[in-house]
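> give the three-dimensional model of this entry:
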Amino acid sequence: MKLQNSFRDYTAESSLFVRRALVAFLGILLLTGVLIANLYNVQIVRFDDYQTRSNENRIKLVPIPPSRGIIYDRNGTPLALNRTIYQLEMMPEKVDNVQQTLDALRDVVDLTDDDIAGFKKERARSHRFTSIPVKVNLSEVQVARFAVNQYRFPGVEVKGYKRRYYPYNSALTHVIGYVSKINDKDVDRLDKEGKLANYASTHDIGKLGIERYYEDVLHGQTGYEEVEVNNRGRVIRQLKEVPPQAGRDIYLTLDLKLQQYIETLLAGSRAAVVVTDPRTGAILALVSTPSYDPNLFVDGISSKDYSALLNDPNTPLVNRATQGVYPPASTVKPYVAVSALSAGVITRNTSLFDPGWWQLPGSEKRYRDWKKWGHGHLNVTKALEESADTYFYQVAYDMGIDRLSEWMSKFGYGHYTGIDLSEERSGNMPTREWKLKRFKKPWYQGTPFRWASARVLDRHADPDEQSADDPD
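Modelled structure (predicted):
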């Protein structure tokens, strides 16, 4: 039997080991190179990017709301001011079980079903990681009670805010208006106007009256503070602060005492009164009754209260002084007189005889003057002094609708007044085209007279006499 050579080839094994070690070394070298390259990319090339991301997790910008400007009357009495209120807020993303937390808060801050319903409604339309109001207008007792139990409610905290307050309730609502919570429509409008960033920490916005018209003036400029937070989101220290700029105060021409006095006189009535200074045109009082308490809207009016206002037959939500459209009555006479004088229809000496009534030529219908037996012979001065209806019936007839409409428009009839309120109707200046479109009837010769004579129905009118309110 032939013996096989049992000696190992150490040379071949050594060569194989060297080759394997070289491959492993090259692999390690390659991986080390990749690691170093990636480390260089992270630490050097993308340093600014990752530093920004790190700071976003560690540093936060907290907006600071500006203080809203105060509204004063002409004598410096504050009509709309700010007072500090405390509200309970929750960030749902930091709460393990929202419903259990809400239930536990009932006994601590007297949370009601309406509070919870309001929270859920607000949460549904809010962005993630946004603090949502749970209960507003906390009392001092409720604030103290929550402070003792705060450790039980992570993600829930009490915050203080400046909230609008109207100390004179309904007396100035139709002038001052009110602020209320910012809604989706407000957000869309602010975004389109490029103003949304300035409302980052603001909950309210002017909705009506002066509060709405001068929103940009009253609101101010939002500030911010840069703070460092820990992994629990708690503030460790303040790094930088840009203080907010308070809104500007506004002084109105209104006289509060006069406003309140007129409101007292109109109590229980559906009426409007505007008092102006004849020397300057400044509005001293603007009252519309009935009115309502604007404080109801500041924190969000309940459905019950809003329905009551909306369905009230006396329509308290309507500003009768600026939105009501009424016949001008005898206030139109001076303007008709000036128009007729300017157009050459009459002169200062034009004389007419007033027997107490006026008739359209070719008609048997009589239109009575307020003075049953008439004013006798009148020129334009005496006609204005005695407010003689029949004189201006004749003048309006002689003017004709075309000249009358042209001249009355120059005095502002049918136009907006330009008052500092958005809630205004322009009124109507009748023309031939207007009547044809509105009533499907042409303009007759007597129509200008009927428009000019519109007033309270003459209680002395005889059955065969036509009243000034007849639309034909």
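
> helices along the stretch 351-472 of the chain, start to end?
380-386, 389-410, 432-439, 447-452 (DSSP state H, counting those that start in this stretch).

> which one of those lies closest to residue 136?
Closest approach to residue 136 among those is made by helix 432-439 (48.2 Å; CB to CB). Using the backbone N, CA and C atoms, a C-beta is placed for each residue, glycine as well.

> longest strand of this structure?
strand 78-90 (DSSP state E).

> contacting residues around the following helix or strand past that one?
Downstream of strand 78-90, the first helix or strand assigned by DSSP states H and E is helix 98-109. Helix 98-109 is contacted from outside by 88, 90, 92, 95, 111, 116, 119, 134-135, 138, 142, 145-146, 149, 152-153, 155-156, using CB atoms under 8 Å, 6 or more residues apart in numbering.

> helix 98-109 to strand 78-90, inter-axis angle?
Between helix 98-109 and strand 78-90, the angle comes out at 130 degrees (axes from the mean of the first three to the mean of the last three CA atoms, to 10 degrees).

> buried residues in helix 98-109?
Applying a neighbour-count criterion of 16 or more other CB atoms under 10 Å, one finds 98, 101-102, 105, 108-109 buried in helix 98-109.

> can you redo those residues as TSV with distance to residue 206 and pLDDT?
Shown next, in TSV, are those (distance: CB to CB, whole Å; pLDDT from 0 to 100):
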residue	distance to residue 206	pLDDT
98	33	91
101	34	93
102	32	93
105	32	93
108	34	92
109	30	92
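
> and which of those residues is nearest residue 161?
Of these, the one sitting nearest to residue 161 (CB to CB) turns out to be residue 109, at 16.1 Å.

> now do the helix or strand harbouring residue 258 and strand 78-90, the angle between them.
Using DSSP H and E, residue 258 maps to helix 256-265. Angle of helix 256-265 versus strand 78-90, following the same axes, to 10 degrees, is 80 degrees.

> avg pLDDT for helix 256-265?
The average pLDDT within helix 256-265 is 96.

> and the helices in the stretch 151-300 of the chain?
Going by DSSP H, counting those that start in this stretch, the stretch 151-300 of the chain shows helices at 173-176, 184-192, 209-213, 215-219, 256-265, 295-298.

> list the residues that contact residue 369.
354, 356-358, 375, 388-390.

> could I get the residues you listed as JSON lines with distance to residue 434, neighbour count and pLDDT?
Formatted as JSON lines, the contacts of residue 369 follow (distance: CB to CB, whole Å; neighbours: other CB atoms under 10 Å; pLDDT from 0 to 100):
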{"residue": "354", "distance to residue 434": "30", "neighbour count": "23", "pLDDT": "92"}
{"residue": "356", "distance to residue 434": "32", "neighbour count": "18", "pLDDT": "92"}
{"residue": "357", "distance to residue 434": "28", "neighbour count": "17", "pLDDT": "92"}
{"residue": "358", "distance to residue 434": "24", "neighbour count": "23", "pLDDT": "90"}
{"residue": "375", "distance to residue 434": "32", "neighbour count": "22", "pLDDT": "94"}
{"residue": "388", "distance to residue 434": "28", "neighbour count": "25", "pLDDT": "94"}
{"residue": "389", "distance to residue 434": "24", "neighbour count": "28", "pLDDT": "93"}
{"residue": "390", "distance to residue 434": "26", "neighbour count": "26", "pLDDT": "92"}
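
> just the ones of those in strands?
Filtering the contacts of residue 369 for strands - DSSP E - leaves 354, 357-358.

> between those, which is nearest residue 197?
For the ones in strands among the contacts of residue 369, the nearest to residue 197 is residue 358 (65.0 Å; CB to CB).

> contact partners for that closest one?
Counted by CB under 8 Å, 6+ apart, residue 358 has contacts 366-367, 369, 389-390, 393-394, 449.

> and if you look at residue 92?
Contacts of residue 92 (CB under 8 Å, 6+ apart): 98, 123, 132, 155.

> go with 6 Å
residue 98 (CB atoms under 6 Å, 6 or more residues apart in numbering).

> before we move on, the earlier item: now the two most distant members of the contacts of residue 358.
366 and 394 (13.4 Å).

> who has more neighbours, those two?
Neighbour comparison, residue 366 and residue 394: the larger count goes to residue 394, with 20 against 17 (by other CB atoms under 10 Å).

> so which of the helices of the stretch 351-472 of the chain gets nearest residue 183?
Of all these, helix 432-439 comes closest under CB to CB, at 36.0 Å.

> what angle do that closest one and helix 389-410 make?
With the same axes, to 10 degrees defining the directions, helix 432-439 sits at 100 degrees from helix 389-410.

> now do helix 432-439: everything it contacts.
residue 443.

> buried set for it?
Applying 16+ other CB under 10 Å to helix 432-439 flags residue 435 as buried.

> ditto for stretch 387-404
Quick answer for stretch 387-404 (16+ other CB under 10 Å): 387-397, 399, 401, 403-404.

> let me know the closest of the ones in strands among the contacts of residue 369 to residue 16.
residue 358 (130.9 Å).

> may I have the beta-bridge partners of that closest one?
residue 367 (DSSP bridges).

> residues touching the most centrally placed residue in the chain, list them.
In the chain, the residue lying closest to the centroid (CA atoms, centre = their mean) is residue 207, at 1.7 Å. Listed by CB under 6 Å, 6+ apart, the contact set of residue 207 reads 178, 180.

> if I look at it, how far off is residue 173?
Per CB to CB, to the nearest Å, residue 207 is found 11 Å from residue 173.

> the contacts of helix 98-109 in strands, which ones?
88, 90, 134-135, 156.

> from those, which is closest to residue 423?
residue 135 (32.2 Å).

> ok, the closest one touching residue 88?
Yes: the pair residue 135 / residue 88 is scored as a contact, 4.6 Å apart, by CB atoms under 6 Å.

> low-confidence regions, the stretch 101-250 of the chain specifically.
231-233 (pLDDT under 70).

> okay, the helices of the stretch 351-472 of the chain in JSON lines with distance to residue 344 next?
Output for the helices of the stretch 351-472 of the chain, formatted as JSON lines (distance: least, CB to CB, whole Å):
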{"stretch": "helix 380-386", "distance to residue 344": "13"}
{"stretch": "helix 389-410", "distance to residue 344": "10"}
{"stretch": "helix 432-439", "distance to residue 344": "22"}
{"stretch": "helix 447-452", "distance to residue 344": "17"}
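
> okay if I get the contacts of residue 369 as TSV plus distance to residue 276?
Formatted as TSV, the entries for the contacts of residue 369 read as follows, by distance: CB to CB, whole Å:
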residue	distance to residue 276
354	31
356	33
357	34
358	32
375	29
388	25
389	25
390	29
